[in-house]
Structure formats: C-alpha cells, structure tokens
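Novice: when you get a sec, could you give me coordinates for this:
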Amino acid sequence: MLPPTSPTPKSVKVHLKDGTGMDIEWMDGHKSIYSFQYLRDACPCALCNEERVKQNREPGERPKPAPGALPMFTPPPKPTVAEGVGKYAIRFTWSDGHEHGIFSWEFLREFCPCRECSSLRRESKPPGEGVTRTVPH
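Specialist: Alright, predicted model coming up:
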C-alpha cells in the first residue's frame, strides 16, 4: 500500500486561517488533501484510537450516532495551533481542547483520504476486519 521507503513530505500546507484543512505533497509526487474534520476523526492518540476500535471505525471515519439520538449541530472542529514534531510528524491543538494526537508522516500517508488510497486500503483489508490499525504508531 505504501511506498517501500518511509513517506516524506515535499511540502505541507496547513490552512489554519480559512479552516479548510491540510495539503501534503509527498516526495514521490502523490498529493493528499485532508479536511480538518477528517483529521480530527483520524486522531491517532490512544484515547481516540481506542474509541474507534470499539466502534469498528477507520481513522477519518465519522463516529456513528447513538441509536435514536437526534442529530445536533456542532461546529466543525478546527485546529487553533499546528506545530511540527521533530522531522516526523505534526500535532494540532483543536478548538474542542483536544491536543494529544501526533500525526506521523507515515500515519498520514497510510490514511490518505484520496480515492486511490482509500480503495487500496479497502482491497487489502481481510474480510470481516473493521479497522486497519489497532495500535497507533
């Protein structure tokens, strides 16, 4: 699914002011566009990952509403701060106060939301297995 070498971004653009998301162009030429909603739903911290595993959701997949719950408007999550973590990751502080997820370049490339990468993940998943990753890197 991933290139044989560790994924390295050529450029990273975080659109904090307009609240749209983050764009990464990878050294191999692939381009990934992540909405902030996708990134918040993909948070790789232990707490968020555990919740996703319990709900059998992929990183980036929205939580399922409780049966019978009425949908309520909540403002979309936006990071208030984005900062590099060494040369291997990025971390966000979110408008909802969450700040524990460290998004490694490897994780972001593995869970690229583009159609091609999403299809490859679905095709490589064993039948009946929900989440691709049960332990965050």
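Novice: give me the three-state assignment for Ile33.
Specialist: Secondary structure for Ile33, judged by DSSP: H, G, I helix; E, B strand; the rest coil, is strand.
Novice: what residues are bridge-paired with it?
Specialist: In this entry, Ile33 is beta-bridged to Asp23, by DSSP bridges.
Novice: any idea how many residues pack against it?
Specialist: Using other Cβ atoms under 10 Å, the number of residues around Ile33 comes to 14. C-betas here are computed from N, CA, C, even on glycine.
Novice: cool, the one 10 residues further on as well?
Specialist: Applying other Cβ under 10 Å, we find 24 residues neighbouring Cys43.
Novice: average pLDDT for stretch 46-59, rounded please.
Specialist: Summarised as a single mean, pLDDT over stretch 46-59 is 93.
Novice: wait, I meant stretch 65-74
Specialist: 76.
Novice: and Ile24, how far is that from Gln55?
Specialist: To Gln55, Ile24 is 27 Å away according to Cβ to Cβ, to the nearest Å.
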